[in-house]
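[1] Sequence and predicted structure are below.
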Amino acid sequence: MDLKVNKCCCMNLRTAGLLIAWLHLLIIIIVSCTVINRIIFLDKNPPPPPKFAVFRPIVSAITREIINLVIYLFNATLTSLLLFGIYKKKHLMMLPYIILNGLSVLLMVPYLGQLFITALYSDNSDIFEIIMGALLCAALFGLMAYCWIVIYSLYHKIRDSINKPMSRQFEI
């Protein structure tokens, strides 16, 4: 099965790849700013205690937010490598983004399954919110998978254009 496309939304692959990478980087910056905001104001507004004693948090809320920030900064580094690889036509710079983003797309499948199973066994009071959240996650999963296929196709296009021998020899 070939997971390659030639165009994305009537754009060539390079333009679509740049658009996807810049939007991804913009989303990471916005979410990182909100995480930093939560870290700063966490002492003034502590999180509410859990409903059930069984679900006590293992790590503190501030530690969880710092871990989230580190993950977002790592993701920003990967997206910057992707942008550099697209601009300079270096396919090996795109490879870390493709591998790790592909893994995150694959790991979203069990998460979606868990959301739908939770919706089946939940109370009637919050089943609508869980189903809507699961459907939103499923739509985002489809979008993430398509964006990954576009970046993967661009990677192969850049790799093949670099490794292709010249079709015509120049005579001196």
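    Perfect, thanks for sending it.

[2] For stretch 20-39, list the C-alpha coordinates in PDB.
    Provided in PDB are the C-alpha atoms of stretch 20-39 (Å, rounded to 0.1, in the frame of the first residue of the first chain):
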ATOM      1  CA  ILE A  20       1.400  22.400   8.000                       C
ATOM      2  CA  ALA A  21       4.700  22.900   9.700                       C
ATOM      3  CA  TRP A  22       4.100  26.700  10.400                       C
ATOM      4  CA  LEU A  23       0.600  26.000  11.700                       C
ATOM      5  CA  HIS A  24       2.000  23.200  13.900                       C
ATOM      6  CA  LEU A  25       4.700  25.500  15.300                       C
ATOM      7  CA  LEU A  26       2.100  28.300  15.900                       C
ATOM      8  CA  ILE A  27      -0.200  25.900  17.800                       C
ATOM      9  CA  ILE A  28       2.800  24.700  19.900                       C
ATOM     10  CA  ILE A  29       3.800  28.300  20.800                       C
ATOM     11  CA  ILE A  30       0.200  29.200  21.800                       C
ATOM     12  CA  VAL A  31      -0.200  26.100  23.900                       C
ATOM     13  CA  SER A  32       3.200  26.600  25.500                       C
ATOM     14  CA  CYS A  33       2.200  30.100  26.500                       C
ATOM     15  CA  THR A  34      -0.900  28.800  28.200                       C
ATOM     16  CA  VAL A  35       1.100  26.200  30.000                       C
ATOM     17  CA  ILE A  36       3.600  28.800  31.200                       C
ATOM     18  CA  ASN A  37       0.600  30.900  32.300                       C
ATOM     19  CA  ARG A  38      -0.800  27.900  34.300                       C
ATOM     20  CA  ILE A  39       2.600  27.300  35.900                       C
END
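
[3] just how off-centre is that stretch within its chain?
    12 Å (Cα atoms, centre = their mean, to the nearest Å).

[4] So which bits of it are buried?
    Across stretch 20-39, burial judged by 16 or more other Cβ atoms under 10 Å covers Ile20, Ala21, His24, Leu25, Ile28, Ser32, Val35, Arg38, Ile39. C-betas here are computed from N, CA, C, even on glycine.

[5] Pull the most distant pair out of those residues.
    Ile20 and Ile39 (28.4 Å; Cβ to Cβ).

[6] before we move on, back to that, for the buried residues of stretch 20-39, which one is nearest Leu92?
    For the buried residues of stretch 20-39, with Leu92 as the reference and Cβ to Cβ as the criterion, the closest is Ala21, at 15.9 Å.
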